[in-house]
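> Could you look at this predicted model? Sequence included:
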Amino acid sequence: MAIPNISPKIYELLGKKILQRQNHPLTILKNKIYEHFQKVYPGVFTMKDDFPQRVSVEDNFVKLLIPDDHPTRFPTDTYFFDKNTVLRTHTTAHDFEMLKNHNAFLIAGDVYRRDEIDAKHYPAFHQLEGARIWNLESLGLSNHNQGKEFALYELKKTIEGVAEEVFGDIEMRWIDAYFPFTEPSLELEVKWQGEWLEALGCGVYHPNVLKNAGKDSNTFGWAFGFGLERWAMKVFDIPDIRLFWSDDKRFTSQFSAEKGLTKFVPFSKYPVCYKDLSFWLPEIFVENDLFEVVRDVGGDLVEKVEKIDEFEKKGKKSRCYRIHYRSMDRSLSNEEIDVLQVRLREIAPEKLGVVLR
Ligand code: DAH
């Protein structure tokens, strides 16, 4: 796989800025977590969610102690702009920038990994990252072992609080894990509808990572990171990861910042667009003739024709039919259906002998 290896489809995603859309479920979740941090630790955490997606190999891999021969370092797994810069594969790449000026921070962003595409996989997704560091001396701790104990305790308490805020009162468990940049490393699992879900990776910063960040040797702390989609699919009941990238109104209109964490109501069809046709009947009128005329004009877009009204006035009979237009593969515009409807109004009188009302 030659470098660069970023396809036009991926370039299209770079401009989507989903985490800036206030009524998108991922933004709603991101904000809920940030608000939780503000409530529990007022003024402690700074959030940054607009870092550029292009990062150096140094920040994304090298300074995080990810070895040269790890598969994630190859263009089979990662999108490279050139040999020194990549599309971030995780928000952890920005820890170094944040660690310069902050002792506690959150980072959110879209991340990219070459992957298959199905309901659970997509080459882009969103992560939320967090970290908090302290100084041994200023806490009165005498060595790094004490620091590790303190950080682990703080980490678990903090993360359990976030998980409870989002998932509610659920069972959780901690599993040993491995990340090159933390030691020890842990994973949080939460029990969701009877099944254990891998929810988040975290750990105590490896001392060499903090050294690479330019911190003095008394610094220690914890870090975590996880995929927002993975949480959002559970709490919003969203069945397919591709929906997060959809501009389909039937998806986007279901969520709002005000409503918060609500359940997604699935849809399988494109919306129906209907138009009514009212007319005075001729001496002889056969409904099937009307159906045929409507189909001649609307073709496969016609899903249904139904009689919705009839009445008699001064010996004349009136009928109104509702025509349901629906496409199997796209949303129809009102304008495009109006064109069909105008044609129908031209043809119906000559073909059926009706008088339009
Ligand atoms: N960067 C990791 C990933 O993409 C997630 C992660 C794990 C982030 C542990 C962290 C951490 O900050 O401490 O899978």
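Ah, there it is.

> Quick check: which element contains Arg173?
Arg173 belongs to strand 172-179 when assigned by DSSP states H and E.

> Relative to that strand, what are the paired strands and their orientations?
Strand 172-179 pairs in its sheet with strand 182-192 (antiparallel), by DSSP bridges.

> Touching the partner strand from outside, list them.
Defining contact as Cβ atoms under 8 Å, 6 or more residues apart in numbering, one finds that strand 182-192 is touched by 148, 152, 155, 159-160, 163, 167, 170-179, 196-206, 209, 222-223, 234. Every residue, glycine included, has its C-beta placed from N, CA and C.

> The residues you listed: which ones sit near the ligand?
Restricting the contacts of strand 182-192 to those within reach of the ligand (Cβ under 6 Å from any ligand atom) leaves Phe179, Gly201, Cys202, Gly203, Ala223.

> which one of these sits closest to Gly315?
Taking Cβ to Cβ as the measure, Gly315 sits nearest to Gly201 out of these, at 79.5 Å.

> Neighbours of that closest one, how many?
Applying other Cβ atoms under 10 Å, we find 21 residues neighbouring Gly201.

> for it, helix, strand, or coil?
Here Gly201 is strand, with the state taken from DSSP: H, G, I helix; E, B strand; the rest coil.

> okay but it is in contact with Ala177, surely?
Yes: counting by Cβ atoms under 8 Å, Ala177 is a contact partner of Gly201 at 6.1 Å.

> Quick one: distance of the strand holding Arg173 to the chain centre.
Its chain's C-alpha centre and that of strand 172-179 lie 25 Å apart, by Cα atoms, centre = their mean, to the nearest Å.

> Would you mark the buried spots in that strand?
Met172, Ala177, Phe179 (16 or more other Cβ atoms under 10 Å).

> From those, pick the one nearest Ser318.
Met172 (66.1 Å).

> re the thing from before, distance to Ser333 added to the ones next to the ligand among the contacts of strand 182-192, as JSON lines?
Shown next, in JSON lines, are these (distance: Cβ to Cβ, whole Å):
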{"residue": "Phe179", "distance to Ser333": "49"}
{"residue": "Gly201", "distance to Ser333": "45"}
{"residue": "Cys202", "distance to Ser333": "48"}
{"residue": "Gly203", "distance to Ser333": "52"}
{"residue": "Ala223", "distance to Ser333": "48"}
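
> Name the member of these with the shortest distance to Lys304.
Within those, the smallest distance to Lys304 is 51.1 Å, found for Gly201 (Cβ to Cβ).

> so what's the residue in the chain that the ligand sits nearest to closest to, chain neighbours aside?
Taking Cβ to the nearest ligand atom, the ligand has its nearest neighbour within the chain at Gly225, 2.5 Å off. Excluding its sequence neighbours, the residue lying closest to Gly225 (Cβ to Cβ, 6 or more residues apart in numbering) is Glu129, at 4.4 Å.

> quick one: the helices in the stretch 201-350 of the chain?
Under the criterion DSSP state H, counting those that start in this stretch, the stretch 201-350 of the chain carries helices at the ranges 207-212, 228-235, 249-252, 287-298, 334-352.

> Check the stretch 1-150 of the chain too.
Using DSSP H, counting those that start in this stretch, helices in the stretch 1-150 of the chain cover 8-14, 25-40, 57-60, 95-101, 144-167.

> rank those helices by pLDDT, which is bottom?
Mean pLDDT values for those show the minimum at helix 8-14, a mean of 86.

> Report all helices and strands that it contacts.
Secondary-structure packing of helix 8-14 (3 or more Cβ pairs under 8 Å, 6 or more residues apart in numbering; DSSP states H and E): strand 104-112.

> ok, now which ones touch the nearest residue to Leu99 once chain neighbours are set aside?
Sequence neighbours aside, Ala213 is the residue nearest to Leu99 in space, at 4.2 Å (criterion: Cβ to Cβ, 6+ apart). By Cβ under 8 Å, 6+ apart, the residues touching Ala213 are Lys63, Asp95, Phe96, Leu99, Lys100.

> Do I have it right that Gly147 meets Trp134?
Yes: with contact defined as Cβ under 8 Å, Gly147 reaches Trp134; the gap is 7.4 Å.

> about what we covered before: can I get the buried residues of strand 172-179 in JSON lines with pLDDT?
Below are these laid out as JSON lines (pLDDT from 0 to 100):
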{"residue": "Met172", "pLDDT": "98"}
{"residue": "Ala177", "pLDDT": "98"}
{"residue": "Phe179", "pLDDT": "98"}
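
> Now, of the contacts of strand 182-192, which are buried?
By 16+ other Cβ under 10 Å, the contacts of strand 182-192 give 148, 152, 155, 159, 163, 167, 172, 177, 179, 197, 199-206, 209, 222-223, 234 as buried.

> that older thread, Gly147 and Trp134: which is more packed in?
Gly147 (23 against 19).

> Please tell me how far Thr33 sits from Gly161.
Careful, residue 33 is Ile and not Thr. 10 Å (Cβ to Cβ, to the nearest Å).
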